[in-house]
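Undergrad: give the three-dimensional model of this entry:
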Amino acid sequence: MVALSLPRSTTIYKLGGTETLRASSAAFLDTYGGNHQNVSDEMRRMFRADAGYKLVQVDQSGAEALIVAYLCQKAKFRDLFLHGVKPHVFVAMNMFMDKWCSVCKDIDVRSFGNTPIPELKKREGWKTLDGIIKESDKWKPQERYYYIAKMVCHASNYGIRGNAFRMNVLEKSKGKIVLTKQQAETYLSQYHGLFPEIRRWHMEVEDQLRMTGMLFNLHGFPRINTGMLDDYNMKDWYAFIPQSTVGCITHVAITKLQQFIRDNKRNWTLLNNCHDSYLCQCPPDETTECAALMRQFMEQDLTNFRGEKFKMRSEASVGTNWGKYKKDKNEEGMKEI
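TA: Numbers count the residues shown, from 1 in each chain. Okay, here's the model as predicted:
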């Protein structure tokens, strides 16, 4: 149950509420409160810590994409994580190369496209190019190249096709980014050209389902297929292992945090489970300790099906209200620490 501020808002969780093992959220007794996992940033500002407390939130950082990288055979996609290059930046750089060449005239942008991933961050001009690509997220809608690349990454990892991707972008951008079917298909094709290992992993998933009729996530929980396997529902199967593993990580972290609070009689309150993040409130002088502990519980060690080990990543933010920090607009919001 969530309680952020008087008057309080409540919810009820179903830990097995989804096929991907993520918790689902709904109004308590179908009457009070509501779903606290799909709250817009504008609405989040209304949720405040109790007087004399601060909110602390820890998110898994790029969690699903990181898991996909380790489900695939070691290649370029995994190299991005190993060498600290954001996949969305790398994809945007390659997909919209002509744009960056016209904007960054003092940088040999095209040479970055041929630079091995381990060397990218060492190159002169990379920091500038990286910043400009991320800044494009604030440009006019049709030129939000970083955002488009982010959408391409998610859609391609889960086998979403051209027209479905096009409609998804339209919906997520609230009608502001309009892609033609040709553009959508070109972007997805470019992505798979950069990372052919993604499609090879998709084929492994399909083979496993056809041979055994089930998949296991990285915590060992199964999902059994009881229906047909076709292009429409395969995207849900590609998503199962990453999404369900992320959900299990959050459940484990929450259980450890609750146990710590009880054992140490801390004046902290767990407030929310939001798939790949969790929210707590604590006294202001304990936010650093709380955030560090929450991150420790979230950054779990995992092993893929090839026996390769990797560690999850997280980031923490602190604020008085649950909305994002924005200078001069929401200075009490959640700010990364």
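Undergrad: how many neighbours does R45 have?
TA: The local packing of R45 (other Cβ atoms under 10 Å) involves 19 other residues. Where C-beta positions appear, they are placed from N, C-alpha and C, glycine not excepted.
Undergrad: burial count for the residue nearest to it when sequence neighbours are not counted?
TA: For R45, ignoring the flanking residues on the chain, the nearest one in space by Cβ to Cβ, 6 or more residues apart in numbering is G323 at 3.6 Å. Look at G323: counted by other Cβ under 10 Å, it has 22 neighbours.
Undergrad: again, but for K138
TA: 10.
Undergrad: please apply the same query to T128.
TA: For T128, using other Cβ under 10 Å, the count is 12.
Undergrad: I'd assumed V103 was in contact with it.
TA: No. If you go by Cβ atoms under 8 Å, T128 and V103 don't touch, sitting 10.3 Å apart.
Undergrad: ok, now how distant is S102 from T10?
TA: 52 Å (Cβ to Cβ, to the nearest Å).
Undergrad: of the two, which one has the most company?
TA: T10 (16 against 9).
Undergrad: give me the three-state assignment for the more buried one.
TA: Recorded secondary structure, T10: coil (DSSP: H, G, I helix; E, B strand; the rest coil).
Undergrad: okay, and Y147 sits in which element?
TA: Taking DSSP states H and E as the criterion, Y147 maps to helix 145-157.
Undergrad: the residue nearest to R45 contacts K329, doesn't it?
TA: No. Using Cβ under 8 Å, G323 makes no contact with K329, being 9.2 Å away.
Undergrad: from L179, how far out is E185?
TA: In terms of Cβ to Cβ, E185 sits 9 Å off from L179.
Undergrad: could you do I107 as well?
TA: From I107 to L179 the distance is 28 Å (Cβ to Cβ).
Undergrad: and if you look at S314?
TA: Distance from S314 to L179, by Cβ to Cβ: 32 Å.
Undergrad: centre of the chain versus the helix ranked longest in the chain, how much separation?
TA: The helix spanning the most residues in the chain, taking DSSP state H as the definition, is helix 231-264. Computed by Cα atoms, centre = their mean, to the nearest Å, the chain-centroid distance of helix 231-264 equals 12 Å.
Undergrad: that helix packs against which elements?
TA: Applying 3 or more Cβ pairs under 8 Å, 6 or more residues apart in numbering; DSSP states H and E, we find helix 231-264 packed against strand 54-60, helix 63-71, helix 196-212, strand 214-216, strand 269-273, strand 277-282, helix 287-298.
Undergrad: which of the ones you listed has the lowest mean pLDDT?
TA: Of all these, mean pLDDT reaches its minimum on strand 269-273 (a mean of 92).
Undergrad: sheet partners, orientation included, of that one?
TA: strand 277-282 (antiparallel) (DSSP bridges).
Undergrad: what angle do the partner strand and helix 287-298 make?
TA: 150 degrees (axes from the mean of the first three to the mean of the last three Cα atoms, to 10 degrees).
Undergrad: mind checking how far the spatially most central residue of the chain is from G162?
TA: By Cα atoms, centre = their mean, the chain has its centre lying nearest to G62, at 4.6 Å. Per Cβ to Cβ, G62 is found 25 Å from G162.
Undergrad: dump stretch 320-337 to PDB, restricted to CA.
TA: Output in PDB follows, covering the C-alpha atoms of stretch 320-337 (Å, rounded to 0.1, in the frame of the first residue of the first chain):
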ATOM      1  CA  THR A 320      10.300  16.300  -1.800                       C
ATOM      2  CA  ASN A 321       7.700  15.500  -4.400                       C
ATOM      3  CA  TRP A 322       7.700  12.600  -6.800                       C
ATOM      4  CA  GLY A 323       7.900  14.600 -10.100                       C
ATOM      5  CA  LYS A 324      11.200  15.100 -12.000                       C
ATOM      6  CA  TYR A 325      13.400  18.000 -10.900                       C
ATOM      7  CA  LYS A 326      13.200  20.900 -13.200                       C
ATOM      8  CA  LYS A 327      15.100  24.200 -12.500                       C
ATOM      9  CA  ASP A 328      12.600  27.000 -11.900                       C
ATOM     10  CA  LYS A 329       9.700  24.700 -12.500                       C
ATOM     11  CA  ASN A 330       9.900  21.900 -10.000                       C
ATOM     12  CA  GLU A 331      12.900  22.400  -7.800                       C
ATOM     13  CA  GLU A 332      11.400  20.100  -5.100                       C
ATOM     14  CA  GLY A 333      11.300  17.200  -7.600                       C
ATOM     15  CA  MET A 334      13.400  14.100  -7.800                       C
ATOM     16  CA  LYS A 335      17.000  15.000  -8.500                       C
ATOM     17  CA  GLU A 336      19.700  12.400  -9.400                       C
ATOM     18  CA  ILE A 337      22.400  12.100  -6.700                       C
END
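Undergrad: great, nothing more from me.
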